[in-house]
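Novice: Any chance you could fold what I've pasted below:
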Amino acid sequence: MKANTKSIHAKLYTFTYTTDLPNNLCPYFWKLVFATLVFIPNFVIQTPALIWNFFSKTFTDLNEKRGVGFVIYVAITILSFIGFTNYHLIKALFNYYSYDHGAAVNGGIIDSGIAICLIWSLIAYWIRKHRKYSPPKDSVLKEFVKAKYNNYCPKIDWE
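Specialist: Model (predicted):
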């Protein structure tokens, strides 16, 4: 059988799986059937990365497209939730007559968590900046993993 790499089924296969086309028809056919079934969800997940690739003229790997798309959708969901809860928190702080009490409480909790994380990060940065350097000590676990990986038994020098 002869097939063109620029055909629709080959493009669908490379969009769903990888740029390497198989040499055997049987796995190609069944993977193509599955690719046809998952085309719409796969396209929706990859849309943010496809838009980024279109404007930046760069090529990202297929797994990176799915990962970037998933992360962007999760970030949009989190930011929408934070915006919704902060909206109701502000309404509650200024005594508006209609606000969602649960969303206002969640907004306060989220804002407090963000503030605690920022303060914690600033304290950790200050400590790292002003700490005296001490060389790292050997770890037993690290040395054991290196020994197992390299198939040798290291000598222990007791102090």
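
Novice: Point out the other helices and strands that the strand or helix carrying residue 107 packs with.
Specialist: Using DSSP states H and E, the element containing residue 107 is helix 101-130. The criterion is 3 or more CB pairs under 8 Å, 6 or more residues apart in numbering; DSSP states H and E, and the helices and strands that helix 101-130 contacts are helix 62-93. For the C-beta atoms, the positions are set from N, CA and C on the backbone; glycine is no exception.

Novice: Could you pull out the buried residues of the helix it packs on?
Specialist: Burial within helix 62-93, assessed by neighbour count using 16 or more other CB atoms under 10 Å, is assigned to 62, 65, 68, 69, 72, 85, 86, 88, 89, 91, 92.

Novice: hmm, back to that, what angle separates the helix holding residue 107 from helix 62-93?
Specialist: For helix 101-130 against helix 62-93, the angle between stretch directions is 120 degrees (axes from the mean of the first three to the mean of the last three CA atoms, to 10 degrees).

Novice: tell me the mean pLDDT for stretch 127-138?
Specialist: Taken as a whole, stretch 127-138 has an average pLDDT of 72.

Novice: Just checking, which helix or strand of the protein averages the lowest pLDDT?
Specialist: Averaged element by element with mean pLDDT, DSSP states H and E, the chain has its least confident helix or strand at helix 140-150 (a mean of 70).

Novice: Closest one to residue 45 out of the buried residues of helix 62-93, please.
Specialist: Proximity to residue 45 was ranked across the buried residues of helix 62-93 by CB to CB; first place goes to residue 69, at 4.5 Å.

Novice: how close does residue 128 sit to residue 118?
Specialist: Separation of residue 128 from residue 118 (CB to CB, to the nearest Å): 16 Å.

Novice: My error: substitute residue 35 in the last question.
Specialist: When distances are taken as CB to CB, residue 35 and residue 118 turn out to be 44 Å apart.

Novice: Same question for residue 54.
Specialist: Spatial separation of residue 54 from residue 118 under the definition CB to CB is 35 Å.

Novice: which one of the buried residues of helix 62-93 sits closest to residue 50?
Specialist: Taking CB to CB as the measure, residue 50 sits nearest to residue 65 out of the buried residues of helix 62-93, at 6.9 Å.

Novice: wait, isn't the closest one in contact with residue 43?
Specialist: No - assessed by CB atoms under 8 Å, residue 65 is found out of contact with residue 43, at 10.4 Å.
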